[in-house]
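Novice: Below is the sequence, then the predicted model.
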2 protein chains.
Amino acid sequence: MNNDNWLDTVKWTADGLVPAIAQEEGTGRVLMVAWMNRDALRETALTHRGVYWSRSRSKLWRKGEESGNVQAIREIRLDCDNDVILLQIEQIGGIACHTGRASCFYQRLDADGWHSIDPVLKDPGEMYASS
Amino acid sequence: MNNDNWLDTVKWTADGLVPAIAQEEGTGRVLMVAWMNRDALRETALTHRGVYWSRSRSKLWRKGEESGNVQAIREIRLDCDNDVILLQIEQIGGIACHTGRASCFYQRLDADGWHSIDPVLKDPGEMYASS
């Protein structure tokens, strides 16, 4: 990218953020939704790795920096209102969710409420070693 | 659903909203993201039709009420933080976007910026007849 004009197209929230959907290339599975600020989106586009803004920690969150589950970015799209990002990614390690599941969307609404229906593939304790 | 307890599981924003991703069943294509309030999510679950909250018009928006492009809901999921909904839908008419495109995510980031790469399938003027 020659300049940052493309970042001005994005309609950022009052907090300077935009939601980003990470979709697994090939399977089409929606893995997670997280927030990006301007720096996160720029770095994602330049490095082709998923970088988000952690609202809880108020810092850039290079996905996989602790868990090793980095995201290789294949495509970046923007919606008609310029306020949602859609990423096509390869999820290294096959686990996007901090619970150790492939996708964050593991709760399904059934007739009697929400049910966790997807398996935990890896113990979160193994993913996030205490430091 | 016997009661509304399942709606209390959702972590609503301060404005009482939750973002909902509509994904096309079968193709896996992400079609749009819109907001739901409690009434919209309840009605979506009970009627199996996509109902959202229009922030611009401040009223329930029964998707397709003007355009005819209603959404049949196949599955409703919730993410690990309980703050994003993922819908598996059948998009009647094959057009989810108000621009007349299949998906709202028709802008792709290329080396020189955003480009609209998906075709307009129907003239928006035909979709929204003046009243």
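Specialist: Received, thanks.

Novice: In chain A, what helix or strand scores lowest on average pLDDT?
Specialist: Among the helical and strand segments of chain A, the one scoring lowest on mean pLDDT, DSSP states H and E is helix A:124-127, with a mean of 88.

Novice: CA atoms only: put it into CSV for me.
Specialist: What follows is helix A:124-127, C-alpha atoms only, in CSV (Å, rounded to 0.1, in the frame of the first residue of the first chain):
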residue,chain,number,x,y,z
PRO,A,124,-6.7,-23.9,27.3
GLY,A,125,-4.2,-24.5,30.1
GLU,A,126,-1.8,-26.0,27.5
MET,A,127,-2.4,-23.1,25.1
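
Novice: What residues of the longest helix seen in chain A count as buried?
Specialist: When chain A is parsed with DSSP state H, its longest helix is helix A:38-47. Neighbour counts using 16 or more other Cβ atoms under 10 Å in any protein chain shown place A:Arg38, A:Ala40, A:Leu41, A:Arg42, A:Glu43, A:Thr44, A:Ala45 of helix A:38-47 among the buried residues. The C-beta positions use only the backbone N, C-alpha and C, and glycine is treated the same way.

Novice: Dump those residues to CSV, plus pLDDT.
Specialist: Converted to CSV, these look like this (pLDDT from 0 to 100):
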residue, pLDDT
A:Arg38, 98
A:Ala40, 98
A:Leu41, 98
A:Arg42, 98
A:Glu43, 98
A:Thr44, 98
A:Ala45, 98
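
Novice: Show me the shaky parts of chain A.
Specialist: Across chain A, the ranges flagged by pLDDT under 70 are A:129-131.

Novice: Kindly tell me how buried the residue of chain A found nearest chain B is, as a neighbour count.
Specialist: Here the residue of chain A nearest chain B is A:Gly28; by Cβ to the nearest Cβ that distance is 2.4 Å. With neighbours defined by other Cβ atoms under 10 Å in any protein chain shown, the count for A:Gly28 comes to 15.

Novice: To which secondary structure element type does it belong?
Specialist: Counting by DSSP: H, G, I helix; E, B strand; the rest coil, the backbone at A:Gly28 sits in coil.

Novice: what's the answer for A:Asn3, then?
Specialist: With three-state DSSP as the basis, A:Asn3 sits in coil.

Novice: In chain A, what residue spans correspond to strands?
Specialist: Shown for chain A, the strands assigned by DSSP state E span residues A:18-24, A:30-36, A:51-54, A:59-62, A:71-78, A:85-91, A:107-110, A:113-116.

Novice: got those strands as TSV, with mean neighbour count columns?
Specialist: Shown next, in TSV, are the strands of chain A (neighbours: other Cβ atoms under 10 Å in any protein chain shown):
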stretch	mean neighbour count
strand A:18-24	23
strand A:30-36	24
strand A:51-54	22
strand A:59-62	15
strand A:71-78	19
strand A:85-91	22
strand A:107-110	18
strand A:113-116	14
